[in-house]
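Visitor: I'll drop the sequence and a predicted model, then ask my questions.
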Amino acid sequence: MRLPRAPHRALLLCVAAATLAACSASGSGSADRSPGAPGAVRSGSASPSGAADSRRSVLTFAGVTPLGAEAARRTADRMRARAEALGLEDVHVEEREGGVTVMGRTADEKRLTGLGASGRLGFRPVLAEETSGATPVPSPSADPARGRAVTEGLRPRAAGSASASAGPAPAEGDAADAALRARFVALDCSAREKPAAEPEAAARDSVVACGTDGGGSASRAKFALGPTAVEGTHVSSARAVHDEQGAGWLVRLAFDSVGARQFSALTATLCVNTSPQNQMAIVLDGAVISAPSVAQRLDGGTADIFGSFTRESAEQLAVTLGSGALPEPVSVTGVTRLPHA
């Protein structure tokens, strides 16, 4: 069963109510949450020989503060597992000086960088949304497809309309309401550059976040989101599949029993709301990657994320989500390109 396309949305969510038959697809690039054997190095299929293939890059990853020995070890193990699952050739991952270094082919540099994606996933109810260039506080007659002001999104909801996991939104005029409204108004998602991220929020907190309504030059949008209703830790597996019905590559998620119950409860509460508060935000590493509308309660414990995926990008996202989040967020602090071997 597929959710209807939300206005100006490039990404959709597809949920199978009881079986996968409604979203028939052939699988590829599967990944689960097992980190794999420590120290494992993948040697993929042979690639064409040539000077370009012989070049090597060394990427240095570090946290905001130096990683402790245990965090560095677990981070390196998870990054090795991701390289294994992606079939990357001759990748060497080492813990070094409070961080992690990754060495691999220069031709794979983009994918090597992706090994350091934090992978923190969550499903949150949308309280308010505004596309770039929209009036910050639209009148009641404003086009609902462009989103509502945060003051609309944060008004107390009727009984039963708030997410069962998240609890009701704060009453209008409450200090938490005013603080969230101020952050929403101040957030600028119109620039092509990624805005400065908010400090990582607890699942119980409401947040503001940026997202896109499509790839490339598509307009960006900003969101006010309620507390996390389903955490990514309840995703039991993720895999890239090719939709035989013509939707191209997608990422299929399966929830554990707790996540399936929470997801069902979230969709049940959202489907009775009006736009944009009938939308579910899929948040990855602080950014909204999809915010589909929900028309009915969805059971079955599986969800498909559609987008403008290539096989490579779908497999990268599936491996990132399926392997679980890194112990601490890291980023690339240095890249060294070595001479030809």
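Guide: Right, received. Where do you want to start?
Visitor: how about the helices in the stretch 151-300 of the chain?
Guide: Under the criterion DSSP state H, counting those that start in this stretch, the stretch 151-300 of the chain contains helices at 175-186, 257-270.
Visitor: Please name whichever of the ones you listed is nearest to residue 314.
Guide: The closest of those to residue 314 is helix 257-270. By C-beta to C-beta, the value is 20.9 Å. The way it works is simple: take the backbone N, C-alpha and C, and place the C-beta from them, glycine included.
Visitor: What helices and strands are in contact with the closest one?
Guide: Applying 3 or more C-beta pairs under 8 Å, 6 or more residues apart in numbering; DSSP states H and E, one finds that helix 257-270 contacts strand 121-131, strand 230-231, strand 280-284.
Visitor: which helices and strands does the shortest one pack with?
Guide: Same thing as strand 230-231. Applying 3+ C-beta pairs under 8 Å, 6+ apart, one finds that strand 230-231 makes contact with strand 121-131, helix 257-270.
Visitor: Quickly run through the sheet partners of it, with directions.
Guide: Partner strands and pairing direction for strand 230-231 (DSSP bridges) are strand 121-131 (antiparallel).
Visitor: ok, back up a step: out of the helices and strands packed on strand 230-231, which comes closest to residue 281?
Guide: Nearest of the helices and strands packed on strand 230-231 (C-beta to C-beta): strand 121-131, 4.7 Å.
Visitor: State the distance from residue 248 to residue 288.
Guide: 21 Å (C-beta to C-beta, to the nearest Å).
Visitor: oh sorry, the question was meant for residue 190
Guide: As defined by C-beta to C-beta, residue 190 lies at a distance of 15 Å from residue 288.
Visitor: who's more crowded, the two?
Guide: Legend: neighbour count by other C-beta atoms under 10 Å for residue 190 and residue 288, higher for residue 288 (25 against 14).
Visitor: Tally up the residues packed near the residue lying closest to that one once chain neighbours are set aside, please.
Guide: Closest residue to residue 288 apart from its sequence neighbours, by C-beta to C-beta, 6 or more residues apart in numbering: residue 211 at 3.0 Å. Neighbour count of residue 211, defined by other C-beta under 10 Å: 23.
Visitor: OK, contacts around residue 211?
Guide: 189, 220-223, 281, 287-291 (C-beta atoms under 8 Å, 6 or more residues apart in numbering).
Visitor: would you list those in CSV and tack on pLDDT and distance to residue 300?
Guide: Shown next, in CSV, are those (pLDDT from 0 to 100; distance: C-beta to C-beta, whole Å):
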residue, pLDDT, distance to residue 300
189, 88, 33
220, 80, 32
221, 90, 28
222, 93, 31
223, 95, 26
281, 93, 20
287, 91, 27
288, 91, 23
289, 88, 21
290, 85, 18
291, 88, 21
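Visitor: Can you tell me which of those comes closest to residue 65?
Guide: So of the contacts of residue 211, ranked by how close each gets to residue 65 (C-beta to C-beta), first place is residue 287, at 22.6 Å.
Visitor: Quick check: bridge partners of the closest one?
Guide: Counting by DSSP bridges, residue 287 is bridged to residue 284.
Visitor: okay, the helices and strands packed on strand 230-231, which one's buried deepest?
Guide: Greatest average neighbour count among these goes to strand 121-131 (a mean of 26), per mean count of other C-beta atoms under 10 Å.
Visitor: Which pLDDT value belongs to the nearest residue to residue 258 once chain neighbours are set aside?
Guide: In this structure, residue 258 finds its nearest non-sequential neighbour in residue 234, 5.4 Å apart by C-beta to C-beta, 6+ apart. pLDDT, residue 234: 95.
Visitor: what's near enough to touch residue 234?
Guide: Counting by C-beta under 8 Å, 6+ apart, residue 234 touches 255-256, 258-259, 262.
Visitor: 6 Å - rerun?
Guide: Neighbouring residues of residue 234 by C-beta atoms under 6 Å, 6 or more residues apart in numbering: 255-256, 258-259.
Visitor: again, but for residue 230
Guide: Residue 230 makes contact with 123, 259, 262-263 under the criterion C-beta under 6 Å, 6+ apart.
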